[in-house]
Structures are given as C-alpha cells and as structure tokens.
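J.: Sequence and predicted structure below; questions after.
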Amino acid sequence: MEIRKISLVVIALAAFGVAAAQNPTQGSGQGKLARNKVGNHQQGEKVFRNAIQEIEKGMRDLKSALHIYDGHRAEAVQYGAIAIGELRIGRIENRQQSAQRKESDNEDRRKFSDDQIRKSNAKLVEAAGHYQQALVMLQKTTGDFNGHKVNAMQDLKAGIQEIQLALKFVGGTINP
C-alpha cells in the first residue's frame, strides 16, 4: 500500500513537471504573468492539500463507524478515495478499480446497542462535515485543473449524499 502511495506522488510530480515544461515563460513582459500563475498554482496546491486532509479525516470517521448502513457508508468512503485521486494526480486510471476492496455495510444492526449506533452516526455526521469543508475549500480556489477539481467536487457531493442515505437507513440525520 505504501508503494502505491509513493507511486502516486511520483506520478503527480511528473505530471506537474510536464505541465510546467509545456508552459515556459518567454520575454520580460510575461515574467510577471508567469509569477502570478505560479502564485495561483501554489495557492491552488495548498488548497488541494488542505482539502485532501479534510477528506482523509472524513474517511477515517467513516471507517471507524459501524458497518450497518446498507453500503452507503462504504460508498461514501469510496467517493472520498476517488476525490483524493482526482486531486492528487488529476485523473483516475480506472474508476472501477477502486471498488476492488469495497467494504461491506451489511452487518445486522440489532447486534449493536442504541448508544453504539448513536456514536457511529456521530462519526458519519463528522465525516459529512469534513467532506463539506473540503468542498468549500475547492469552491474557493481558482482554476479548474483540467476539470479534475470539478470531478473531485462531484465525488464529494456524491459522498455526502451517500452519508445522508446511510443515516436515513438507520433513522439518523445529518442535523440531529
């Protein structure tokens, strides 16, 4: 798993290097424009890093919740992973590949106490907050990063919707 993360980082760095090589600055008049583009790019990168951290927090909350949500919690985790992929390398090689280790949410909720379910629901609500915070961060940044920012935002919205469906399945709500 660690090797795959390192590979993703190397691919992302290579992609940014190729993009930089394709847009060299020429002449003194373009220097200031190029610096502004670099500044905007760096700001966008910072926002993306912060958004990834928020998504990861949300995914941790989702993973620590009970597996009683009829697949919706697990789907929200998958959408978070896809959104991170979109933000890290600007593309996903194969969206179906992420489903290979899909978790199950089909445990019998009767084997858990009401208190355990309330705590689990709270984790889902926290996760939705993290996904929402990442969405707000992405909405504030400029540039579309070749459409991948929009894809990540759509994935986050889908993840939030899955969390809502998960809570509805067990009788909980986002706004308790």
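T.: Right, received. Where do you want to start? Numbers count the residues shown, from 1 in each chain.
J.: Identify the residue nearest residue 51 in space, chain neighbours excluded?
T.: residue 134 (4.0 Å; C-beta to C-beta, 6 or more residues apart in numbering). All C-beta atoms are positioned from the backbone trio N, CA, C, and that covers glycine.
J.: give the contact list for that neighbour.
T.: 50-52, 54-55, 58, 83, 156 (C-beta atoms under 8 Å, 6 or more residues apart in numbering).
J.: can you put those residues in a markdown table and add distance to residue 164?
T.: Output for the contacts of residue 134, formatted as a markdown table (distance: C-beta to C-beta, whole Å):
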| residue | distance to residue 164 |
| --- | --- |
| 50 | 24 |
| 51 | 20 |
| 52 | 22 |
| 54 | 18 |
| 55 | 17 |
| 58 | 14 |
| 83 | 17 |
| 156 | 13 |
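J.: Among those, pick out the one closest to residue 142, please.
T.: residue 51 (14.0 Å; C-beta to C-beta).
J.: The closest one - how many residues pack around it?
T.: Neighbours of residue 51 under the rule other C-beta atoms under 10 Å: 28.
J.: was I right about it contacting residue 137?
T.: Yes - counting by C-beta atoms under 8 Å, residue 51 touches residue 137, with 4.5 Å between them.
J.: coming back round to it: list buried residues within the contacts of residue 134.
T.: Neighbour counting with 16 or more other C-beta atoms under 10 Å marks 51-52, 54-55, 58, 83, 156 as buried within the contacts of residue 134.
J.: What are the phi and psi values at residue 141?
T.: Note on residue 141: its backbone torsions stand at phi -80, psi 150 [degrees, to the nearest 10].
J.: quick one: what helix or strand has the residue nearest to it when sequence neighbours are not counted in it?
T.: In space, and not counting its chain neighbours, residue 141 is closest to residue 47: 4.2 Å by C-beta to C-beta, 6+ apart. Element membership for residue 47, per DSSP states H and E: helix 29-64.
J.: tally of neighbours for residue 106?
T.: If we define neighbours as other C-beta under 10 Å, then residue 106 has 12 of them.
J.: Can you list the low-confidence ranges for the protein?
T.: Scanning the chain with the threshold set as pLDDT under 70 gives 1-44, 89-103, 173-176.
J.: And residue 153, how far from residue 123?
T.: Residue 153 sits at a distance of 23 Å from residue 123 (criterion: C-beta to C-beta, to the nearest Å).
J.: And for residue 170?
T.: Counting by C-beta to C-beta - residue 170 and residue 123 are separated by 12 Å.
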